[in-house]
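Engineer: Turn this into a model:
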Amino acid sequence: MSSPAAWYALAAATRTERPRLPFSVGGRVVGSVAAGEAGVLAGFAELEVGADGVRLAVPADERDATLARINTTLRDAGRLLGWRDELFPLYDPDTLAVLARFERAAARYWGTLTLGAHATGWVAGADGRPAALWIAQRSFSKSTDPGLHDNLIGGGVADGQTPEQTLLREAWEEAGLRPEDLAPRRPGSVLRTARDVPEGLQHELIHCWDLELPAGRLPQNQDGEVHAFRLLPLEQALALAATAAMTVDAALVTLDFLLRHGLVADAALQARLAPLRVGMAG
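Structural biologist: Residues are numbered from 1 along each chain as shown. As a prediction, this is how the structure comes out:
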């Protein structure tokens, strides 16, 4: 199967053009903030702001409450977008130790690491190999990437969950699939992105799985976050994923699936994706 000459997500996955300052917690650099926010952040007594970065200067047992107050103030000032009322871990990106917990929407403002869980849903052809992919279109009311196309399953890993637990939860919420429906899943790659987004910086490790669904099994959204599902032949799924009509995360997951299964033979695409592959899911 031929591949498009350009692949939007590969260029976008590591595009960082806005100046940023390191953000430190507990002596560890955990993220970064837009340099233009330094003046606003200097107004918080709990933050030390300088030319070399921003540091949260409170004891470990005060981090959660302090970040909650700061983030609420930033939200009320219109500087923190897409509030979710959902806690995410604040990770040490080198060890994945959890240093604090804070509002999900704040992760991109502070440029901290998040984890994602995605599954490429596929249907086999007569030869048993993938012949079509299930593609979701995101609800037009989503706070991020409304109306763009996505994998069958995809979501952020909330506080207290592993990527695989998130996959099982999102499978029901997004596609009406129960744990037994996910029994055939197989782990794929872990992909790293670090890129400018309207909310700040998305730094994420995307844990990928492959999920074969039987012909005739129709996904059914449960939480209102998916506008529609389509089962697309591989050529159409590839053409869609190569454009900005699909989220960057989902496009990278789709490309990884196609390359790993030998459905696209393109050495140049393999070479461009290779630096984003940092491990295997599971």
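Engineer: Residue 68 touches residue 102, doesn't it?
Structural biologist: Yes: contact status for residue 68 versus residue 102: in contact at 6.7 Å, counting by C-beta atoms under 8 Å. Using the backbone N, CA and C atoms, a C-beta is placed for each residue, glycine as well.
Engineer: So which of the two has more stuff around it?
Structural biologist: residue 102 (23 against 16; other C-beta atoms under 10 Å).
Engineer: Show me what the residue nearest the centre of the chain is bridged to.
Structural biologist: Compute the mean C-alpha point of the chain, and by C-alpha atoms, centre = their mean the closest residue is residue 116, 4.6 Å away. Beta-bridge partners for residue 116, by DSSP bridges, are residue 156, residue 206.
Engineer: List the contacts of it.
Structural biologist: 154, 155, 156, 157, 163, 204, 205, 206, 207, 249 (C-beta atoms under 8 Å, 6 or more residues apart in numbering).
Engineer: per-residue confidence for the third one?
Structural biologist: Model confidence at residue 156, expressed as pLDDT, equals 95.
Engineer: Contacts only, for it.
Structural biologist: 88, 104, 114, 115, 116, 117, 166.
Engineer: Mind picking the two most distant members of those residues?
Structural biologist: 104 and 117 (14.3 Å; C-beta to C-beta).
Engineer: Can you tell me, leaving aside adjacent residues, what's nearest to residue 233?
Structural biologist: Closest residue to residue 233 apart from its sequence neighbours, by C-beta to C-beta, 6 or more residues apart in numbering: residue 132 at 5.3 Å.
Engineer: what lines up beside whatever helix or strand the one you found lives in in the sheet?
Structural biologist: If you go by DSSP states H and E, residue 132 is part of strand 130-138. Strand 130-138 has its sheet partners listed here by DSSP bridges as strand 113-124 (antiparallel), strand 149-150 (antiparallel), strand 226-233 (antiparallel).
Engineer: which one of the ones you listed lies closest to residue 269?
Structural biologist: The nearest among these, by C-beta to C-beta, is strand 113-124 at 16.1 Å.
Engineer: in that closest one, what counts as buried?
Structural biologist: Of the residues in strand 113-124, 113, 114, 115, 116, 117, 118, 119, 120, 121, 122, 123 count as buried by neighbour count, 16 or more other C-beta atoms under 10 Å.
Engineer: okay, it in PDB with CA atoms only?
Structural biologist: Provided in PDB are the C-alpha atoms of strand 113-124 (Å, rounded to 0.1, in the frame of the first residue of the first chain):
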ATOM      1  CA  LEU A 113       4.200  14.900  31.100                       C
ATOM      2  CA  THR A 114       0.900  13.100  30.600                       C
ATOM      3  CA  LEU A 115       0.200   9.500  29.600                       C
ATOM      4  CA  GLY A 116      -2.300   8.500  26.900                       C
ATOM      5  CA  ALA A 117      -3.900   5.100  26.000                       C
ATOM      6  CA  HIS A 118      -5.000   4.500  22.400                       C
ATOM      7  CA  ALA A 119      -6.300   1.400  20.500                       C
ATOM      8  CA  THR A 120      -6.400   1.000  16.700                       C
ATOM      9  CA  GLY A 121      -9.500  -1.000  16.000                       C
ATOM     10  CA  TRP A 122      -9.100  -3.100  12.900                       C
ATOM     11  CA  VAL A 123     -11.200  -5.700  10.900                       C
ATOM     12  CA  ALA A 124      -9.500  -8.500   9.000                       C
END
